[in-house]
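K.L.:
give me coordinates for this.
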Amino acid sequence: MSIRRAILAVLIILVLSLLAGCGERADRSVDPAFRGMMDLRASNLSESVVKLNGEWEFHWRQFPDPAGNPVPNDTNHYLQVPHSWNGYDWEGKKLPGAGYATFRLRILLNDRDAGQTLALRLPTIFHAFELWIDGVSYARVGRVGTDRSGTVPSLATRQVYFQPRANQVELVLRVANFHHMRGGITKPIEIGAASVISDRTMLKTAYEGAVTASLFIIGIYHLLLYVQRRKDPATLWFGLFCLMWGVRSLLVGEVLLTRLLPSFPWGAQIKIEYLALYVGLHIFTLYFHHLFRDETPRWLLLSSRCLAVLFGGAVLLTPAAVFTRTLLVYEIIIVLHMLYFLYAIGKAWRRKKEGAAVFVAVSVVTFVSVLNDFLYYNELSSIANTSNLGLLIFTVAQMYLLSSRFTRAAAGEERAGRELALANERLQEANRNLEHKVAERTGELSLAYDDLRSAYDQLFQSEGGRKKMLSYLTHDLKAPLSSMIGYVEALQDNVKPENHAAYLSYVYDRAVWLNRMIEDLSLLSSLETGQISMNKAAVPVEPFIRQFWEKYELVLEEAGLHEEIHVNPAIGSGDPPIVHVDPVRLEQVLANLLSNAMKFTAPGGSIRLTLTIRDMDGPHAWICMSDTGIGIRQEHLEHIFERHFKRYPVGFGQENAGSGLGLAISKEIVELHDGKIWVESNGRDGSSFWIALPLAGEEAGPERRTLDEREPHSDR
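P.N.:
Numbers count the residues shown, from 1 in each chain. Okay, here's the model as predicted:
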């Protein structure tokens, strides 16, 4: 479809919509009311509708009873209808929007119209009113009162049927407003034959209902498009804009919402109407930005967002009498935005961007319709509610643009698909000859890469271990070697011959100590660099603990220490708990802890080994080696597992000193089993070293063996 045909379709829709919205034409040959009197004797109400415009009697802050207390005739005040009473000069004072008043109009009819059923079409009147015809109450919207507490606002249209009693009809309207910035009759009241008014109302209601339904359908359709294809946010913002304006169309004109929900609160109704206008500008700006990114500056997005938050917050946080005063300011802001949109679309049109021509055409129509509504609500235009029509035309045009975009994208995909299919056939023919060779070379390269990667990992670990080992040796062997060299030099120089035996004994002891330290350093370095693998197996933890303790019972007795082993009785009541460990390394850890306990516990003390099952992010076996020795000071607890940390008290024998690496090695071994090791001590009454090892799951079942069935192994 060409751009010209698209514009023609939009214009046809515009003409049809205008024809549908016009309905019965009003009789413009009738003179307006003058000083509270309107002469319709020359009119034919069976064929035309007359708007009761002109001067109505105006009684400010008076509510006479038209039935028992007639409206006085001696008034000098007449108010032009339709027009709000805001700013009317009443005895030297400008009237505010809040207040109450009585309007009266006397109508002269000919004999033909006086003998038939007539109807009045009452628009929305700000914001509560009662209608009396010839002293009889016919209609009421809201509740009129003389103050804010006694007035209940409501916004609805009414259609009133009546039979004139004579050739003169008296209309009395009591109007009250204390909740809005404007009060009075701001829209024309129409009179005509009952059938004419009824048809006109039905046609106008059907027209507004069709516009509203179209906006809702189009909005939901575009939201569903966005759900299916989230890469195009324009459909999201356009769908939200249509839904928001569809909601607003329920609250203006015939106020269809009050027909569907008569008890809908007036306060919520007026807030929704204003929010749809204030927030709708920002949503439309976002939509425009996604269509014409190069023509939409960041300041426009930021300003529309800030204005929506500012004015929307005023609507939510203040009463209607306050936030309705912001409407004129925001209408000016909308007009300025729309002028910029037209300028930006013009730039896009000159750049020959897709859809810019259609956008220009419908934007002009929309701008004129919205501007007319602003003028109408400010009582500067007599044509009402054109913005919904303009926005519907705009919406239809946008549907065309978006559908054209999708159509072109689909056509492009089909064309690209055909080209790709042809190219794919050619490539497949070429690839058939290469696939076999590539597969062979890939397999060879994969094997070579695996071998190279394995060799690199081994070399990297070895180099890391070598550097770490060299660092340890440089740091930890310097002091003892220097001491040994000093004693050897003393022997060579024959210094104090009587002490030579002691010197040789010291050198021998230090050599043995250095040999043990080198072994420990090598083991620790291998553990830290991951060069030692754990030969893990599923081990029943209770038999393992008992067998370990049996090996050292005699040693403990010879050292004069009391020994005790305690296993939680609950362990033997069910399936034996299994740990997945390297039994040799675990025994090395326990032996190191036992050696330290014996070293720091004087004869007569006691050492206890405990086994229990506790939860620590899952079931764990908790093993505790506790003693009644000298304990560990509180400030040493966090350093106890560091390399070369020593806690020897004053007077502790040097011959009992170790390398200071045992606990560091133990910590590495436990952590390689996904376990945890820690110490508890109050610094006086011994210490307790705890080991927590996770229990093995069922997947370890096939590997379960007793300690006696396992072959011994060692890495030394």
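K.L.:
surely G192 is in a strand?
P.N.:
Yes - applying DSSP: H, G, I helix; E, B strand; the rest coil, one finds G192 inside a strand.
K.L.:
identify the bridge partners of the closest residue to it other than its chain neighbours.
P.N.:
Leaving aside its chain neighbours, G192 sits nearest to V49 (4.1 Å; criterion: CB to CB, 6 or more residues apart in numbering). C-beta coordinates here come from the backbone N, C-alpha and C atoms, glycine included. Note on V49: beta-bridge partners by DSSP bridges are A26.
K.L.:
over to the one 5 residues further on?
P.N.:
Partner residues in beta bridges with G54: A33, V81, with DSSP bridges as the criterion.
K.L.:
count the residues that sit near it.
P.N.:
20 (other CB atoms under 10 Å).
K.L.:
any idea how far V196 lies from T117?
P.N.:
According to CB to CB, to the nearest Å, V196 and T117 sit 11 Å apart.
K.L.:
what comes up buried for stretch 261-271?
P.N.:
For stretch 261-271, a neighbour-count test (16 or more other CB atoms under 10 Å) marks F264, W266, Q269, I270, K271 as buried.
K.L.:
most widely separated two among these?
P.N.:
Greatest spacing in the buried residues of stretch 261-271, by CB to CB: F264 and K271 (11.6 Å).
K.L.:
what is the mean pLDDT for stretch 271-278?
P.N.:
For stretch 271-278, the per-residue pLDDT values average out at 89.
K.L.:
that older thread, neighbour-wise, which of V196 and T117 wins?
P.N.:
Under the neighbour definition other CB under 10 Å, V196 and T117 were set side by side, and V196 has more, 21 against 12.
K.L.:
thought the more buried one was touching S48?
P.N.:
Yes - between V196 and S48 there is a contact under CB atoms under 8 Å: 7.4 Å.
K.L.:
and the buried residues of stretch 261-271 as a markdown table, adding secondary structure and distance to L336?
P.N.:
Shown next, in a markdown table, are the buried residues of stretch 261-271 (DSSP: H, G, I helix; E, B strand; the rest coil; distance: CB to CB, whole Å):
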| residue | secondary structure | distance to L336 |
| --- | --- | --- |
| F264 | coil | 33 |
| W266 | helix | 31 |
| Q269 | helix | 28 |
| I270 | helix | 25 |
| K271 | helix | 24 |
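K.L.:
of those, closest to T612?
P.N.:
Nearest member of these to T612, counting by CB to CB, is K271, at 66.4 Å.
K.L.:
mean pLDDT per helix and strand in this protein: which one sits at the bottom?
P.N.:
Ranked by mean pLDDT, DSSP states H and E, the weakest helix or strand in the chain is helix 3-22, scoring a mean of 47.
K.L.:
where do the domain boundaries of the protein fall?
P.N.:
Using automatic domain parsing, the domain parsing of the chain gives 37-201, 208-406, 533-709.
K.L.:
distance to L491 added to those domains, as a markdown table?
P.N.:
Below are the domains of the chain laid out as a markdown table (distance: least, CB to CB, whole Å):
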| stretch | distance to L491 |
| --- | --- |
| domain 37-201 | 112 |
| domain 208-406 | 87 |
| domain 533-709 | 20 |
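K.L.:
how about those domains, which one is nearest L422?
P.N.:
Nearest of the domains of the chain to L422, taken as CB to CB: domain 208-406 at 25.1 Å.
K.L.:
my guess is I191 meets T117, correct?
P.N.:
No - contact criterion CB under 8 Å: I191 and T117 do not qualify, at 11.9 Å.
K.L.:
show me the strands in the stretch 101-250 of the chain, by range?
P.N.:
Assignment of strands within the stretch 101-250 of the chain using DSSP state E, counting those that start in this stretch yields the ranges 118-122, 128-133, 136-141, 158-162, 168-177, 184-185, 190-193.
K.L.:
what is the longest one packed up against?
P.N.:
For strand 168-177, the contact count by 3 or more CB pairs under 8 Å, 6 or more residues apart in numbering; DSSP states H and E identifies strand 99-108, strand 128-133, strand 184-185 as packing neighbours.
K.L.:
of those, which stretch is the most buried?
P.N.:
Highest mean neighbour count among these (mean count of other CB atoms under 10 Å): strand 184-185, with a mean of 26.
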